[in-house]
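J.: A structural model of the following input is requested.
(chains A and B)
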Amino acid sequence: MSVESTPSTEGAAVRRSAYDDATRARLDADATQVVARYPEARSALLPLLHLVQSEDGYVSPAGIAFCAQTLGLSTAEVSAVATFYTQYKRRPNGEYTVGVCTNTLCAVMGGDAIWEELSDHLGVGNDETTPDGAITLERVECNAACDYAPVVMVNWEFFDNQTPASAVETVDRLRAGEAVAPTRGAASVCSFKAMSRVLAGFPDGRADEGVGAGEATTRGTVLARERGWTAPPFPAADQAQPSDQVKGS
Amino acid sequence: MTEATTLTPVLTKHWDAERSWTLATYLKNGGYRGLRAALAMAPADVVTAVKDSGLRGRGGAGFPTGMKWGFLPAPDGGPRYLVINADESEPGTCKDTPLMLASPQQLIEGAVITSYAIGCDHAFIYVRGELLHVYRRLLNAVAEAKAAGYVGENILGTGLNLEITVHAGAGAYICGEETALLDSLEGRRGQPRLKPPFPAVAGLYARPTVVNNVESIASVPAILEGGADWFKSMGTERSTGPGLFSLSGHVTRPGQYEAPLGITLRELLDMAGGVREGHELKFWTPGGSSTPIFTAEHLDVPLDYESVGKAGSMLGTRALQIFDETTSVVRAVARWTEFYKHESCGKCTPCREGTFWLDQIFQRIVAGKGTSQDIDTLLDLCDNILGRAFCALGDGATSPVTSAIQYFRDEFEAGTHTPADVLFPPERSSLFTYTPRRRAGQLAGVHA
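T.: Residues are numbered from 1 along each chain as shown, chains lettered A, B, ... in the order given. So this is what the prediction gives:
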């Protein structure tokens, strides 16, 4: 999906209050799978809202109506839930959500400077989208990667140990339509819609891409091995503790 | 502890293995032996083993895990649920996320054992929606475990059935609170429920439910394989076992360090190369932003539940955020306060209104425009939130404020005349060199 095609598609979505028959049939089939994962249907609402975003790039009026009809809720009930969670967008989102962590730890380590640089470079503020529809810039809260601070998330993939220059390079490449690889994640960042489909619980086959862990994650593991530190061995069992022999030295 | 504490990798032992996240790697390194050990025991004995191990909840509160399981009422023929809290969002906390990325099968194995112990045939993993690749890995891990017969129907030929649903949230810190998480999992706004009834009695769909943190559940397989005594051979008498300590901030080698509870920050900092070169420790959090801050005088406090509590804070999630002398404590706490204001769910007045007013006052102090009453007003507000909020979010919001005033009152007083970024130029705290564009107390990103 190209960056250029995004605005027109989403412009059409804005005015749509119901899906055409083919789209509806496809979404119904997906929704059936989602609902089947839960003992009670209403639990499917959060994934269904992700599914709607994978179709429209935001939680559209048509999407709200679809969720309501699927789950036997009123549109007001669906809207009440959709507006509670920050990942559900009330306006068409850019192809890429670029989130700069500006919670305390990242902010102090340089996140504030990265934010200022990106905001000036892109000419947009918090939760605003560039005119070409490519980037929605956000200040995000702690994303559980503090040992890689300062952190930037692109469509919720990790970009670790960032600087203003590295963040600008990332957004420039995204806007140029290049494939951009996160530090810890899939081989390349996918689109907002593709990401939303995964979050609805539909795997995209990319789980085996990328690293298992970054350098900070394994620092304790590596240090312990260097120094010969181990947890006490399991008491002798019927097997000869093979788990301790694998990497004993 | 008399002799120097060392790291004790259990969960982290194979995190750097080739394709560490796959079932094949997990099995090669001893995976699913804990499950086999558990299945050879009666479910009640599995609960007893975990109780005996002394394992306490690794999500922050430290409630004994086995005891939580033991609170479930006797089976009545209806469903019972395990819900795993993977909504890791407490500022500074970054342990469950790398665990699930590097080694998701640890969590799956723990989920199967726990489900067997409590008589559950449908477990849920609620992972925050802002972790795309973690979600991919978890979905994949469940699929792999299912294909190999560790999850699904007739597990390992025992007749045991377990479905695991991995559920993505959508961005809300409050969903880490266990009852808000349950409401969210039921497709509602994530707002906390009145307790009692506790989830053990009326949890998901009003059925008996165990809600446990990722690290707690992932710790279960080793307890079953090694036994309660093995687990208790690490840690202190009442804070047993190893735990993940996450160092971040102004430290030479930030990262995950798995050590027995009771290790000190001095020991951990030594392993991590100390505070960044040329600087010294100013303040730190023992367990995330909701735990009162510590200073250099607390370097030797054993990081176990009792000792940290006695020293005036909480062990929390062992999220050790390190800040050196270049950091404005006012700026740091102001930003945390903004976070709590943003994440307050709005259900109760003390938290909703209180965090709003805390933030208003902090904006003034950061800008050097605080009034002489502001410190007292902050403390008064905190007094009206702490213990009066509906859930722990409100309590947590007051922790950094009251502790920062306790240790650094002079910096708050300076906020009546000098902006925080004049007292502490932010470019000195940054990990890279840059020239700030805005000054005089203007918060980045706050457009007029």
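
J.: residues near residue 209, how many?
T.: Picking chain A for this. 15 (other Cβ atoms under 10 Å in any protein chain shown). Any C-beta I mention is one placed from the backbone N, CA and C, and that applies to glycine too.

J.: nope, chain B please
T.: 26.

J.: how about A:Ala65?
T.: 16.

J.: assign it to helix, strand or coil.
T.: Under DSSP: H, G, I helix; E, B strand; the rest coil, the three-state class of A:Ala65 is helix.

J.: same question for B:Val166.
T.: Using three-state DSSP, the structure places B:Val166 in strand.

J.: same thing with B:Gln256?
T.: Looking at B:Gln256 with three-state DSSP, the answer is strand.

J.: equivalent analysis for A:Val81, please.
T.: helix.

J.: secondary structure element for A:Gly214?
T.: Assigned by DSSP states H and E, A:Gly214 belongs to neither a helix nor a strand.

J.: and the closest residue to it other than its chain neighbours, how many neighbours?
T.: Spatially, and ignoring its direct neighbours in sequence, A:Gly214 is nearest to A:Arg184 (5.1 Å; Cβ to Cβ, 6 or more residues apart in numbering or on different chains). A:Arg184 has 24 neighbours, counted by other Cβ under 10 Å.

J.: ok, now A:Ala22?
T.: With other Cβ under 10 Å as criterion, A:Ala22 counts 8.

J.: which residues sit against the one helix or strand B:Trp230 maps to?
T.: Using DSSP H and E, B:Trp230 maps to helix B:228-232. Here helix B:228-232 makes contact (Cβ atoms under 8 Å, 6 or more residues apart in numbering or on different chains) with A:232, A:234-235, B:49-50, B:52-55, B:219, B:222-223, B:240-241.

J.: pick out the most distant pair among these.
T.: Spatial extent of the contacts of helix B:228-232 (Cβ to Cβ) is set by the pair A:Pro232 and B:Val50 at 18.3 Å.

J.: comparing those two, which residue is more hemmed in?
T.: Ranked by neighbour count (other Cβ under 10 Å), A:Pro232 and B:Val50 place B:Val50 first, with 28 against 15.

J.: now the element after the host helix or strand of that one, going C-ward?
T.: Under the criterion of DSSP H and E, B:Val50 resides in helix B:43-53. Remark: after helix B:43-53, the chain's next helix or strand is helix B:65-70, criterion DSSP H and E.

J.: hmm, back to that, and whichever helix or strand comes after the helix holding B:Trp230, what does it pack onto?
T.: Next along the chain after helix B:228-232, taking DSSP H and E as the criterion, comes strand B:242-249. Packing partners of strand B:242-249 (3 or more Cβ pairs under 8 Å, 6 or more residues apart in numbering or on different chains; DSSP states H and E): strand B:255-260, helix B:265-271, strand B:319-324.

J.: follow-up on the earlier one: how far out from the middle of the chain is the helix holding B:Val50?
T.: For helix B:43-53, the gap between its own C-alpha mean and the chain's C-alpha mean amounts to 24 Å (Cα atoms, centre = their mean, to the nearest Å).

J.: is chain A contacted by it?
T.: No: using Cβ under 8 Å from any Cβ of the partner chain, helix B:43-53 stays clear of chain A, coming no nearer than 13.1 Å.

J.: contacts for that helix, please.
T.: For helix B:43-53, the surrounding residues in contact (Cβ under 8 Å, 6+ apart) are B:38, B:41, B:64-67, B:69-70, B:113, B:116-119, B:220, B:223-224, B:227-228, B:231-232, B:240-241.

J.: how about the CA coordinates for it, as PDB?
T.: These are the backbone C-alpha positions of helix B:43-53, laid out as PDB (Å, rounded to 0.1, in the frame of the first residue of the first chain):
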ATOM      1  CA  PRO B  43      -3.700 -30.200  41.100                       C
ATOM      2  CA  ALA B  44      -4.000 -29.400  44.800                       C
ATOM      3  CA  ASP B  45      -0.300 -30.400  45.300                       C
ATOM      4  CA  VAL B  46       0.700 -28.100  42.500                       C
ATOM      5  CA  VAL B  47      -1.000 -25.200  44.400                       C
ATOM      6  CA  THR B  48       0.800 -26.300  47.600                       C
ATOM      7  CA  ALA B  49       4.200 -26.400  45.900                       C
ATOM      8  CA  VAL B  50       3.700 -22.800  44.600                       C
ATOM      9  CA  LYS B  51       2.500 -21.800  48.100                       C
ATOM     10  CA  ASP B  52       5.500 -23.400  49.700                       C
ATOM     11  CA  SER B  53       7.900 -21.700  47.300                       C
END
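
J.: re earlier: for the residue nearest to A:Gly214, phi and psi?
T.: For A:Arg184, the backbone dihedrals (degrees, to the nearest 10) come out as phi -130, psi 100.

J.: where exactly do the helices run in chain A?
T.: Counting by DSSP state H, one finds helices in chain A at the ranges A:6-15, A:21-36, A:45-56, A:61-71, A:75-82, A:104-106, A:112-122, A:164-175, A:192-199, A:219-227, A:242-245.
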